[in-house]
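Chemist: what's the 3D shape of this:
(2 chains)
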Amino acid sequence: MTLLIILMMAVITFITRYLFLHPRLPIKLGPKVSCFLNFSAPAVLTAIWVPIIFVQDERLVTSVFDPYLIATMSAILVSIITKNIYWTILISVTAFTMVRYVL
Amino acid sequence: MSLKKQATKKMAFKGFVDMLPLNLAVIPWGILCGSLAIQRDFSVLEALLMPLLVFAGAAQLIATELIASNTPLATILFTVFIISSRHFLYGLALRDKLKALPLTKRLSIAFVLTDELFALSTKKKSLRGRLRITYGFSAGLSFYFGWLLWNIIGIIAGSFLPDLTTMGLDFAIAATFIALVIPSITTLPTLVTVIVAAILSVIFKLWHWQLDLVVASLIAMCCGYVALQLQIKFKNAVTKPRSIL
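Modeler: The predicted model follows:
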(Lines give C-alpha, C1' and ligand atoms only; values in the text may rest on other atoms or scores of the structure.)
Protein backbone atom coordinates (compact mmCIF):
# COMPACT_ATOMS: atom_id res chain seq x y z
CA MET A 1 0.00 0.00 0.00
CA THR A 2 2.76 2.43 0.96
CA LEU A 3 4.38 1.71 -2.39
CA LEU A 4 1.19 2.68 -4.19
CA ILE A 5 0.83 5.90 -2.18
CA ILE A 6 4.42 6.83 -3.01
CA LEU A 7 3.75 6.30 -6.72
CA MET A 8 0.65 8.49 -6.55
CA MET A 9 2.59 11.17 -4.71
CA ALA A 10 5.25 11.04 -7.41
CA VAL A 11 2.57 11.62 -10.04
CA ILE A 12 1.21 14.62 -8.12
CA THR A 13 4.56 16.35 -7.58
CA PHE A 14 5.49 15.75 -11.21
CA ILE A 15 2.21 17.17 -12.51
CA THR A 16 2.62 20.33 -10.42
CA ARG A 17 6.09 20.76 -11.93
CA TYR A 18 5.20 19.96 -15.52
CA LEU A 19 1.66 21.30 -16.07
CA PHE A 20 2.46 24.87 -17.08
CA LEU A 21 5.38 23.82 -19.24
CA HIS A 22 2.99 21.90 -21.47
CA PRO A 23 2.79 23.81 -24.78
CA ARG A 24 -0.75 22.73 -25.66
CA LEU A 25 -2.20 24.20 -22.50
CA PRO A 26 -4.55 26.92 -23.78
CA ILE A 27 -3.00 29.83 -21.90
CA LYS A 28 -1.00 32.72 -23.22
CA LEU A 29 0.99 34.93 -20.92
CA GLY A 30 0.57 38.54 -21.91
CA PRO A 31 3.14 41.21 -21.04
CA LYS A 32 1.26 42.10 -17.84
CA VAL A 33 1.25 38.53 -16.56
CA SER A 34 4.91 38.09 -17.49
CA CYS A 35 5.77 41.25 -15.61
CA PHE A 36 3.78 39.96 -12.63
CA LEU A 37 5.59 36.61 -12.79
CA ASN A 38 8.96 38.36 -12.74
CA PHE A 39 8.30 38.92 -9.07
CA SER A 40 7.75 35.21 -8.38
CA ALA A 41 11.38 34.42 -7.54
CA PRO A 42 11.94 37.06 -4.84
CA ALA A 43 8.45 36.38 -3.47
CA VAL A 44 8.61 32.59 -3.21
CA LEU A 45 12.23 32.36 -2.10
CA THR A 46 11.63 34.95 0.63
CA ALA A 47 8.49 33.14 1.77
CA ILE A 48 10.61 29.99 2.12
CA TRP A 49 13.47 31.36 4.20
CA VAL A 50 11.89 33.99 6.44
CA PRO A 51 9.62 31.59 8.40
CA ILE A 52 12.60 29.27 9.04
CA ILE A 53 14.17 32.15 10.98
CA PHE A 54 11.19 33.82 12.61
CA VAL A 55 8.87 30.92 13.42
CA GLN A 56 10.32 28.40 15.85
CA ASP A 57 8.25 25.85 17.75
CA GLU A 58 5.20 27.45 16.12
CA ARG A 59 5.89 30.79 17.81
CA LEU A 60 7.25 34.11 16.62
CA VAL A 61 10.86 34.76 17.60
CA THR A 62 11.01 37.97 19.59
CA SER A 63 14.41 37.80 21.29
CA VAL A 64 17.10 39.93 19.64
CA PHE A 65 19.72 37.49 20.90
CA ASP A 66 18.26 34.50 19.11
CA PRO A 67 21.07 32.67 17.25
CA TYR A 68 18.93 32.43 14.09
CA LEU A 69 18.36 36.18 14.11
CA ILE A 70 21.98 37.12 14.71
CA ALA A 71 23.20 34.68 12.06
CA THR A 72 20.59 36.02 9.61
CA MET A 73 21.88 39.56 10.10
CA SER A 74 25.40 38.34 9.32
CA ALA A 75 24.12 36.44 6.26
CA ILE A 76 22.35 39.53 4.91
CA LEU A 77 25.42 41.69 5.49
CA VAL A 78 27.84 39.25 3.88
CA SER A 79 25.52 38.64 0.92
CA ILE A 80 25.30 42.39 0.28
CA ILE A 81 29.05 42.87 0.56
CA THR A 82 30.34 39.79 -1.26
CA LYS A 83 27.32 38.74 -3.37
CA ASN A 84 28.86 35.28 -3.05
CA ILE A 85 26.86 32.26 -1.99
CA TYR A 86 29.83 30.35 -0.50
CA TRP A 87 31.01 33.23 1.67
CA THR A 88 27.46 33.91 2.83
CA ILE A 89 26.86 30.30 3.89
CA LEU A 90 30.32 29.87 5.43
CA ILE A 91 30.30 33.04 7.54
CA SER A 92 26.66 32.94 8.61
CA VAL A 93 26.67 29.24 9.54
CA THR A 94 29.86 29.83 11.51
CA ALA A 95 28.16 32.77 13.24
CA PHE A 96 25.15 30.59 13.95
CA THR A 97 27.23 27.79 15.46
CA MET A 98 29.25 30.25 17.55
CA VAL A 99 26.21 31.97 19.00
CA ARG A 100 24.31 28.76 19.58
CA TYR A 101 26.94 26.42 20.90
CA VAL A 102 29.85 28.52 22.09
CA LEU A 103 28.41 31.65 23.67
CA MET B 1 35.70 16.73 -30.03
CA SER B 2 33.75 19.41 -31.84
CA LEU B 3 33.51 22.89 -30.38
CA LYS B 4 29.78 22.51 -29.89
CA LYS B 5 30.20 19.36 -27.88
CA GLN B 6 32.94 20.94 -25.84
CA ALA B 7 30.78 23.94 -25.00
CA THR B 8 27.90 21.67 -23.99
CA LYS B 9 30.18 19.65 -21.73
CA LYS B 10 31.55 22.80 -20.16
CA MET B 11 28.09 24.19 -19.44
CA ALA B 12 26.90 20.88 -18.02
CA PHE B 13 29.89 20.81 -15.70
CA LYS B 14 29.36 24.42 -14.65
CA GLY B 15 25.68 23.79 -13.87
CA PHE B 16 26.56 20.75 -11.81
CA VAL B 17 29.17 22.68 -9.82
CA ASP B 18 27.09 25.84 -9.37
CA MET B 19 24.40 23.80 -7.63
CA LEU B 20 26.83 22.37 -5.05
CA PRO B 21 26.33 25.02 -2.35
CA LEU B 22 22.59 24.33 -2.48
CA ASN B 23 23.30 20.61 -2.32
CA LEU B 24 25.34 21.18 0.82
CA ALA B 25 22.64 23.29 2.43
CA VAL B 26 20.08 20.47 2.32
CA ILE B 27 22.32 17.75 3.81
CA PRO B 28 20.49 17.80 7.16
CA TRP B 29 17.06 17.74 5.50
CA GLY B 30 18.01 14.92 3.17
CA ILE B 31 19.43 12.82 5.98
CA LEU B 32 16.35 13.60 8.04
CA CYS B 33 13.99 12.48 5.24
CA GLY B 34 15.83 9.18 4.81
CA SER B 35 16.17 8.37 8.50
CA LEU B 36 12.59 9.37 9.28
CA ALA B 37 11.27 6.94 6.65
CA ILE B 38 13.21 4.09 8.27
CA GLN B 39 12.18 5.14 11.77
CA ARG B 40 8.53 5.13 10.62
CA ASP B 41 8.87 1.51 9.41
CA PHE B 42 9.17 2.12 5.68
CA SER B 43 10.99 -0.66 3.83
CA VAL B 44 14.33 0.28 2.29
CA LEU B 45 12.75 0.18 -1.18
CA GLU B 46 9.94 2.52 -0.12
CA ALA B 47 12.39 4.86 1.61
CA LEU B 48 14.50 4.92 -1.56
CA LEU B 49 11.57 5.55 -3.89
CA MET B 50 10.68 8.73 -1.98
CA PRO B 51 13.73 10.75 -3.13
CA LEU B 52 13.97 8.79 -6.40
CA LEU B 53 10.42 9.47 -7.59
CA VAL B 54 8.73 12.03 -5.33
CA PHE B 55 11.92 14.12 -5.03
CA ALA B 56 10.54 16.78 -2.71
CA GLY B 57 11.61 18.09 0.68
CA ALA B 58 8.68 19.22 2.77
CA ALA B 59 6.18 17.02 0.91
CA GLN B 60 8.33 13.94 1.50
CA LEU B 61 8.76 14.67 5.18
CA ILE B 62 5.11 15.37 5.93
CA ALA B 63 3.86 12.48 3.79
CA THR B 64 6.15 10.10 5.70
CA GLU B 65 4.54 11.16 8.98
CA LEU B 66 1.04 10.96 7.49
CA ILE B 67 1.54 7.49 5.98
CA ALA B 68 3.01 6.23 9.26
CA SER B 69 -0.03 7.43 11.20
CA ASN B 70 -2.47 5.71 8.81
CA THR B 71 -3.99 8.93 7.51
CA PRO B 72 -6.69 8.44 4.83
CA LEU B 73 -5.25 8.33 1.33
CA ALA B 74 -7.19 11.38 0.11
CA THR B 75 -5.78 13.50 2.95
CA ILE B 76 -2.21 12.42 2.18
CA LEU B 77 -2.53 13.15 -1.52
CA PHE B 78 -4.29 16.46 -0.97
CA THR B 79 -1.61 17.59 1.48
CA VAL B 80 1.13 16.66 -0.98
CA PHE B 81 -0.72 18.57 -3.69
CA ILE B 82 -1.04 21.71 -1.55
CA ILE B 83 2.63 21.66 -0.53
CA SER B 84 3.68 21.10 -4.15
CA SER B 85 1.39 23.76 -5.56
CA ARG B 86 4.17 26.36 -5.46
CA HIS B 87 5.64 24.50 -8.45
CA PHE B 88 2.74 25.84 -10.53
CA LEU B 89 4.27 29.28 -10.06
CA TYR B 90 7.67 28.05 -11.23
CA GLY B 91 6.13 26.43 -14.28
CA LEU B 92 4.25 29.62 -15.13
CA ALA B 93 7.32 31.79 -14.64
CA LEU B 94 9.42 29.55 -16.89
CA ARG B 95 6.67 28.66 -19.37
CA ASP B 96 7.70 30.98 -22.18
CA LYS B 97 11.30 29.81 -21.98
CA LEU B 98 10.59 26.09 -21.89
CA LYS B 99 7.34 25.38 -23.69
CA ALA B 100 8.94 25.17 -27.14
CA LEU B 101 11.51 22.53 -26.12
CA PRO B 102 11.21 18.98 -27.43
CA LEU B 103 9.11 16.71 -25.22
CA THR B 104 11.91 14.72 -23.56
CA LYS B 105 13.83 17.87 -22.64
CA ARG B 106 10.70 19.47 -21.24
CA LEU B 107 9.84 16.39 -19.21
CA SER B 108 13.37 16.05 -17.83
CA ILE B 109 13.63 19.71 -16.82
CA ALA B 110 10.18 19.52 -15.22
CA PHE B 111 11.25 16.47 -13.23
CA VAL B 112 14.21 18.31 -11.66
CA LEU B 113 12.36 21.63 -11.25
CA THR B 114 12.82 22.18 -7.51
CA ASP B 115 12.88 25.31 -5.33
CA GLU B 116 16.65 25.17 -5.67
CA LEU B 117 16.73 24.99 -9.47
CA PHE B 118 14.18 27.79 -9.69
CA ALA B 119 16.30 29.82 -7.28
CA LEU B 120 19.26 29.33 -9.58
CA SER B 121 17.30 30.28 -12.70
CA THR B 122 15.97 33.69 -11.76
CA LYS B 123 18.05 35.77 -14.17
CA LYS B 124 16.40 36.99 -17.37
CA LYS B 125 18.94 35.05 -19.44
CA SER B 126 18.59 31.80 -17.48
CA LEU B 127 17.34 28.78 -19.42
CA ARG B 128 17.37 30.70 -22.72
CA GLY B 129 19.05 28.86 -25.57
CA ARG B 130 20.48 25.39 -25.86
CA LEU B 131 23.55 25.87 -23.67
CA ARG B 132 21.66 27.48 -20.80
CA ILE B 133 19.11 24.66 -20.94
CA THR B 134 21.98 22.19 -20.60
CA TYR B 135 23.32 24.24 -17.71
CA GLY B 136 19.94 24.29 -15.96
CA PHE B 137 19.21 20.62 -16.46
CA SER B 138 22.66 19.68 -15.22
CA ALA B 139 22.19 21.88 -12.13
CA GLY B 140 18.83 20.22 -11.50
CA LEU B 141 20.37 16.79 -11.92
CA SER B 142 23.17 17.73 -9.55
CA PHE B 143 20.57 18.53 -6.92
CA TYR B 144 18.73 15.28 -7.66
CA PHE B 145 21.84 13.19 -7.04
CA GLY B 146 22.76 15.22 -3.97
CA TRP B 147 19.29 14.79 -2.52
CA LEU B 148 19.34 11.07 -3.28
CA LEU B 149 22.76 10.68 -1.63
CA TRP B 150 21.73 12.49 1.57
CA ASN B 151 18.55 10.40 1.73
CA ILE B 152 20.57 7.19 1.33
CA ILE B 153 22.88 8.26 4.17
CA GLY B 154 19.77 8.87 6.28
CA ILE B 155 18.37 5.46 5.34
CA ILE B 156 21.61 3.72 6.30
CA ALA B 157 22.16 5.68 9.49
CA GLY B 158 18.45 5.34 10.23
CA SER B 159 17.70 4.98 13.88
CA PHE B 160 21.23 5.74 15.10
CA LEU B 161 20.71 9.43 14.52
CA PRO B 162 19.39 11.92 17.04
CA ASP B 163 16.46 14.14 16.10
CA LEU B 164 18.03 16.41 13.52
CA THR B 165 15.20 18.92 13.38
CA THR B 166 16.01 20.39 16.79
CA MET B 167 19.69 20.98 16.04
CA GLY B 168 19.20 24.18 14.11
CA LEU B 169 20.64 22.69 10.95
CA ASP B 170 17.84 24.24 8.93
CA PHE B 171 19.65 27.56 9.20
CA ALA B 172 21.89 26.50 6.30
CA ILE B 173 18.87 26.42 3.99
CA ALA B 174 17.82 29.91 5.08
CA ALA B 175 21.39 31.15 4.54
CA THR B 176 21.41 29.78 0.97
CA PHE B 177 18.18 31.52 0.08
CA ILE B 178 19.38 34.75 1.70
CA ALA B 179 22.50 34.57 -0.47
CA LEU B 180 20.30 34.19 -3.56
CA VAL B 181 17.55 36.69 -2.73
CA ILE B 182 19.24 39.64 -1.03
CA PRO B 183 21.71 40.53 -3.85
CA SER B 184 18.82 40.32 -6.35
CA ILE B 185 17.02 43.22 -4.66
CA THR B 186 18.09 45.97 -7.03
CA THR B 187 14.82 47.82 -7.58
CA LEU B 188 12.18 49.31 -5.31
CA PRO B 189 9.36 47.00 -6.53
CA THR B 190 11.53 43.94 -5.76
CA LEU B 191 12.18 45.32 -2.28
CA VAL B 192 8.43 45.76 -1.78
CA THR B 193 7.85 42.17 -2.93
CA VAL B 194 10.44 40.80 -0.52
CA ILE B 195 9.16 42.76 2.47
CA VAL B 196 5.52 41.80 1.87
CA ALA B 197 6.45 38.14 1.30
CA ALA B 198 8.53 38.15 4.49
CA ILE B 199 5.78 39.57 6.71
CA LEU B 200 2.90 37.56 5.24
CA SER B 201 4.77 34.24 5.17
CA VAL B 202 5.47 34.56 8.90
CA ILE B 203 1.86 35.52 9.73
CA PHE B 204 0.39 32.69 7.62
CA LYS B 205 2.87 30.22 9.10
CA LEU B 206 1.75 31.19 12.59
CA TRP B 207 -1.85 30.67 11.46
CA HIS B 208 -0.93 27.13 10.32
CA TRP B 209 -2.09 27.63 6.77
CA GLN B 210 -0.97 24.86 4.47
CA LEU B 211 -1.15 27.26 1.57
CA ASP B 212 0.92 29.84 3.49
CA LEU B 213 3.79 29.92 1.03
CA VAL B 214 1.71 30.21 -2.13
CA VAL B 215 -0.73 32.83 -0.83
CA ALA B 216 2.03 34.95 0.72
CA SER B 217 3.96 34.79 -2.57
CA LEU B 218 0.97 35.69 -4.73
CA ILE B 219 0.05 38.72 -2.61
CA ALA B 220 3.69 39.83 -2.52
CA MET B 221 3.90 39.51 -6.31
CA CYS B 222 0.77 41.68 -6.65
CA CYS B 223 2.35 44.31 -4.39
CA GLY B 224 5.56 44.23 -6.43
CA TYR B 225 3.58 44.60 -9.64
CA VAL B 226 1.55 47.54 -8.31
CA ALA B 227 4.72 49.19 -7.00
CA LEU B 228 6.27 48.91 -10.44
CA GLN B 229 3.20 50.43 -12.14
CA LEU B 230 3.20 53.31 -9.63
CA GLN B 231 6.90 53.83 -10.20
CA ILE B 232 6.40 54.01 -13.97
CA LYS B 233 3.44 56.37 -13.57
CA PHE B 234 5.39 58.59 -11.21
CA LYS B 235 8.41 58.70 -13.52
CA ASN B 236 6.19 59.63 -16.47
CA ALA B 237 4.52 62.36 -14.43
CA VAL B 238 7.90 63.79 -13.57
CA THR B 239 9.51 63.55 -16.98
CA LYS B 240 6.62 64.59 -19.19
CA PRO B 241 6.36 68.28 -18.22
CA ARG B 242 10.10 68.61 -18.76
CA SER B 243 9.88 67.21 -22.25
CA ILE B 244 7.29 69.89 -23.07
CA LEU B 245 9.69 72.59 -21.98
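Chemist: might you report the residue contacts of residue A:68?
Modeler: Counting by C-beta atoms under 8 Å, 6 or more residues apart in numbering or on different chains, residue A:68 makes contact with A:52, A:53, A:54, A:56, A:61, A:96, B:168, B:171, B:174. Placement of C-beta: from N, CA and C, glycine included.
Chemist: which among those residues gets closest to residue A:85?
Modeler: Nearest to residue A:85 among the contacts of residue A:68 is residue B:174, at 12.9 Å by C-beta to C-beta.
Chemist: the closest one contacts residue A:76, doesn't it?
Modeler: No - at 10.7 Å, residue B:174 does not count as touching residue A:76 under the criterion of C-beta atoms under 8 Å.
Chemist: higher neighbour count, these two?
Modeler: Taking other C-beta atoms under 10 Å in any protein chain shown, residue B:174 and residue A:76 do not tie; residue B:174 has more neighbours (24 against 17).
Chemist: can you pull the contacts of that one?
Modeler: Listed by C-beta under 8 Å, 6+ apart, the contact partners of residue B:174 are A:49, A:52, A:53, A:68, A:72, A:75.
Chemist: restricted to helices, list those.
Modeler: Among the contacts of residue B:174, the ones falling in helices (DSSP state H) are A:49, A:52, A:53, A:68, A:72, A:75.
Chemist: can you map out the strands along chain A?
Modeler: With strands called from DSSP state E, chain A shows them at A:55-56, A:59-60.
Chemist: what about residue B:109, which SS state?
Modeler: For residue B:109, the assignment made with DSSP: H, G, I helix; E, B strand; the rest coil gives helix.
Chemist: look through chain B and state the residue closest to chain A.
Modeler: Chain B approaches chain A most closely through residue B:91 (3.1 Å), counting by C-beta to the nearest C-beta.
Chemist: for that residue, give me its contacts.
Modeler: The contact partners of residue B:91, taken as C-beta under 8 Å, 6+ apart, are A:16, A:17, A:18, A:19, A:20, A:21, B:110, B:113.
Chemist: with distance to residue B:151, neighbour count and pLDDT added, can I get the residues you listed in TSV?
Modeler: Converted to TSV, the contacts of residue B:91 look like this (distance: C-beta to C-beta, whole Å; neighbours: other C-beta atoms under 10 Å in any protein chain shown; pLDDT from 0 to 100):
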residue	distance to residue B:151	neighbour count	pLDDT
A:16	20	25	96
A:17	19	25	97
A:18	22	18	97
A:19	26	15	96
A:20	27	21	96
A:21	26	21	96
B:110	21	24	97
B:113	19	26	96
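Chemist: in helices, which of those residues appear?
Modeler: The helices, defined by DSSP H, take in A:16, A:17, A:18, B:110 from those.
Chemist: which one among those residues gets closest to residue B:75?
Modeler: The shortest gap between residue B:75 and any of the ones in helices among the contacts of residue B:91 belongs to residue A:16, at 17.5 Å (C-beta to C-beta).
Chemist: tell me which residues touch residue B:31, please.
Modeler: Applying C-beta under 8 Å, 6+ apart to residue B:31 gives the contacts B:150, B:151, B:153, B:154, B:157, B:161, B:164.
Chemist: helix or strand: which one has it?
Modeler: Using DSSP states H and E, residue B:31 falls within helix B:27-39.
Chemist: which helices and strands sit right next to the following helix or strand past that helix?
Modeler: Later in the chain than helix B:27-39, the nearest helix or strand by DSSP H and E is helix B:44-49. Here helix B:44-49 touches helix A:2-18, helix B:27-39, helix B:130-157, going by 3 or more C-beta pairs under 8 Å, 6 or more residues apart in numbering or on different chains; DSSP states H and E.
Chemist: go through helix B:44-49 and flag the buried ones.
Modeler: B:46, B:47, B:48, B:49 (16 or more other C-beta atoms under 10 Å in any protein chain shown).
Chemist: so what pLDDT did the residue nearest the centre of chain B get?
Modeler: Residue closest to the average C-alpha location in chain B (C-alpha atoms, centre = their mean): residue B:115, at 0.3 Å. We have a pLDDT of 94 for residue B:115.
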